[in-house]
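*Asks:* Sequence first, then the predicted structure:
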Amino acid sequence: MKIGVLGLQGAIIEHARTIEACGQEAVIVKRKEQLDDIDGLILPGGESTTMRRLIDRYEFFDALVDFGKSGKPIFGTCAGLILLATDIDGQDDAHLKLMDMKVSRNAFGRQRESFEVALEMKGVAPDFEAVFIRAPYILEVKENTEVIASYNDKIVAARQDHYLVTAFHPELTDDHRLVQYFVEMVKESRKKLAS
Amino acid sequence: MSNVGTSRVKRGMAEMQKGGVIMDVVNAEQAKIAEEAGAVAVMALERVPSDIRAAGGVARMADPTVTEEVLNAVSIPVMAKARIGHIVEARVLEAMGADYIDESEVLTPADDIYHIDKNDFTVPFVCGCRNLGEALRRIGEGASMLRTKGEPGTGNIVEAVRHMREVQSEIRHIQNMQKDEIMVYAKQTGSPYELLLEIKELGRLPVVNFAAGGIATPSDAALMMELGADGVFVGSGIFKSDNPQKFARSIVEATTHYQDYELIAKLSKGLGTAMPGIEMASLTDHDRMQDRSE
């Protein structure tokens, strides 16, 4: 299977390495045409405002929305979570609006408040090392959304259908269990889309 | 239990900046222009390097009013500069909530021998380097991110290129060395031995390395990416150009798509005049900011 990493800005190569460590082919997606060749997509950590500017400039926007609506899985980490959300606290508009949730940017504070912690993640790992950097959290989800992890009562990982998001950065650790979980989602969707 | 200020959290912050452009700004208005153009972070300063160069005298940490104004103006990370060795300026910036501190040779050094022990801080630091030894000494002191120094405020890319090539070539050299040779190299270059072993294993620096000091055009930014930079700092290059909005946007795009030459051609059309440049030979030893620290 081919899994893409949106290659505009951020921790791209780390995700690509993890995908390969999970035995799949990684594709760094810099042009919208590349979306046609992949089975799933990771939106990496980085600066969401920067990524949005770059998405707008290459007509990437509609292609990404279509990719999500076609049923192919998308995994957003940190900035990727912001890009997927339907609502962003304190902003009039959001970005791709693919996943029904309200999120708050930099909600855990500035860099000096950034932290790491071992998290219990339902269905993924009992002790996932989660690195939070100027991280957002999820304020509200819809009832069809599975909350995978919370920290201090804030939702920091969730899944809705074929969308998976984390407020932290699995790409900064050597723990591949979360990407492996996403790989399984991509496998399921391939079966479903083929039938 | 959660931990703040770990090496992974500090280095990780720089990982999130990769492939991006960090822009020098002196007020809220410029910070907003930078954010709107797609900068991954801004560096809050009282004066851009070319103005510091022109003004002469002692250059210090910016007035906290400027830093605060920028912190309040944008949602992207805000970096700020402290003088080399000035522990208190760095603590003040940390207390104000700056997201990254640049212990920078652009300001007049406060200590001509020692750099700050950066391991002690919760906030991460970026430091300049001209070669691998200098890079590794800074990492040894706790820098979580590097930038090649170049020659700030000149609009001349030649020194940035020299420093990036130097670092990359030394990394390749280390990869081919045996451990006994690495010990001698450590001695000759004043590099921490353990970090050299780590580089031999990784084939790259253990932290992100941006390019800085002289980037004035979209092609300059793309060149530095081509040479192996993880991203670029643009100091005077944006707000000393004719059309800062357009320059900022074009440099951001050229950094992302640094091997798309048709695109860079398009981005470079009708940009207006870049910042005025300075030929290196016209600088005296005293003018060379890059030589202010080792």
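*Replies:* Yes, it's here.

*Asks:* Just want the phi and psi numbers for residue B:197.
*Replies:* With angles defined as degrees, to the nearest 10, residue B:197 sits at phi -60, psi -40.

*Asks:* wait, what's in contact with the residue nearest to it when sequence neighbours are not counted?
*Replies:* Among residues not flanking residue B:197 along the chain, residue B:182 sits closest, at 6.6 Å (C-beta to C-beta, 6 or more residues apart in numbering or on different chains). The way it works is simple: take the backbone N, C-alpha and C, and place the C-beta from them, glycine included. Taking C-beta atoms under 8 Å, 6 or more residues apart in numbering or on different chains as the criterion, residue B:182 is in contact with B:174, B:193, B:196-197, B:200.

*Asks:* Who are the packing partners of the biggest helix by length in chain A?
*Replies:* Across chain A, the helix with the greatest residue count (assigned by DSSP state H) is helix A:177-194. In terms of contacts (3 or more C-beta pairs under 8 Å, 6 or more residues apart in numbering or on different chains; DSSP states H and E), helix A:177-194 is packed against strand A:2-6, helix A:12-21, strand A:40-43, strand A:74-77, strand A:125-132, strand A:163-166.

*Asks:* Run a quick neighbour tally on residue A:93.
*Replies:* For residue A:93, the count of nearby residues is 7 (other C-beta atoms under 10 Å in any protein chain shown).

*Asks:* same question, residue A:175
*Replies:* When neighbours are counted by other C-beta under 10 Å, residue A:175 comes out with 16.

*Asks:* can you pull the contacts of the residue positioned nearest the centre of chain B?
*Replies:* A centroid search over chain B (C-alpha atoms, centre = their mean) returns residue B:147, at 3.8 Å, as the residue closest to the centre. Contact analysis of residue B:147 by C-beta under 8 Å, 6+ apart lists B:102, B:126-129, B:209-213, B:233.

*Asks:* Looking at the residues you listed, which is nearest chain A?
*Replies:* Chain A lies nearest to residue B:126 out of the contacts of residue B:147, by C-beta to the nearest C-beta, at 12.0 Å.

*Asks:* and chain A, which residues reach chain B?
*Replies:* A:7-14, A:30, A:45-47, A:49-50, A:53-54, A:57, A:78-79, A:105-106, A:110-117, A:131-134, A:151, A:169, A:171-173 (C-beta under 8 Å from any C-beta of the partner chain).

*Asks:* Okay, and which of those residues map to helices?
*Replies:* Short answer: those in helices (DSSP H) are A:12-14, A:49-50, A:53-54, A:57, A:79.

*Asks:* Report the two of these separated the most.
*Replies:* Farthest apart among those by C-beta to C-beta are A:14 and A:57. That separation is 24.4 Å.

*Asks:* more crowded one of these two?
*Replies:* Neighbour count, other C-beta under 10 Å: between residue A:14 and residue A:57, residue A:14 has more, with 22 against 17.

*Asks:* Tell me, how many residues neighbour whichever residue of the stretch 151-294 of chain B sits closest to chain A?
*Replies:* Proximity of the stretch 151-294 of chain B to chain A (C-beta to the nearest C-beta) peaks at residue B:256, 5.5 Å away. Using other C-beta under 10 Å, residue B:256 has 26 other residues around it.

*Asks:* can you pull the pLDDT of it?
*Replies:* pLDDT, residue B:256: 96.

*Asks:* wait, what's in contact with it?
*Replies:* A:8-9, A:30, A:54, B:19.

*Asks:* related to what we said a few turns ago, could you save the contacts of residue B:182 as CSV and add columns showing neighbour count?
*Replies:* Converted to CSV, the contacts of residue B:182 look like this (neighbours: other C-beta atoms under 10 Å in any protein chain shown):
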residue, neighbour count
B:174, 22
B:193, 14
B:196, 24
B:197, 15
B:200, 16
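
*Asks:* Take the residues you listed and keep only those in helices.
*Replies:* Short answer: the contacts of residue B:182 in helices (DSSP H) are B:174, B:193, B:196-197, B:200.

*Asks:* Any idea what the most centrally placed residue in chain A is bridged to?
*Replies:* Closest residue to the average C-alpha location of chain A: residue A:76 at 0.8 Å, with C-alpha atoms, centre = their mean. Going by DSSP bridges, residue A:76 is paired in beta bridges with residue A:43, residue A:165.

*Asks:* So it versus residue A:169, what's the distance?
*Replies:* Residue A:76 sits 11 Å away from residue A:169, going by C-beta to C-beta, to the nearest Å.

*Asks:* Could you do residue B:115 as well?
*Replies:* Counting by C-beta to C-beta - residue B:115 and residue A:169 are separated by 28 Å.

*Asks:* again with residue A:146
*Replies:* 21 Å.

*Asks:* so where do the strands sit in chain B?
*Replies:* B:3-4, B:21-25, B:41-44, B:78-83, B:100-104, B:125-129, B:145-148, B:208-211, B:232-234 (DSSP state E).

*Asks:* ok, and the closest non-adjacent residue to residue 140?
*Replies:* I went with chain A, as the question did not name one. residue A:102 (4.3 Å).

*Asks:* switch to chain B, that's the one I care about
*Replies:* residue B:192 (4.4 Å).

*Asks:* Return the per-residue confidence for the one you found.
*Replies:* pLDDT recorded at residue B:192 is 96.

*Asks:* Likewise for the one 10 residues further on?
*Replies:* As summarised for this prediction, residue B:202 has a pLDDT of 94.

*Asks:* Could you tell me how many residues sit around it?
*Replies:* Quick note: residue B:202 (other C-beta under 10 Å) scores 11 neighbours.
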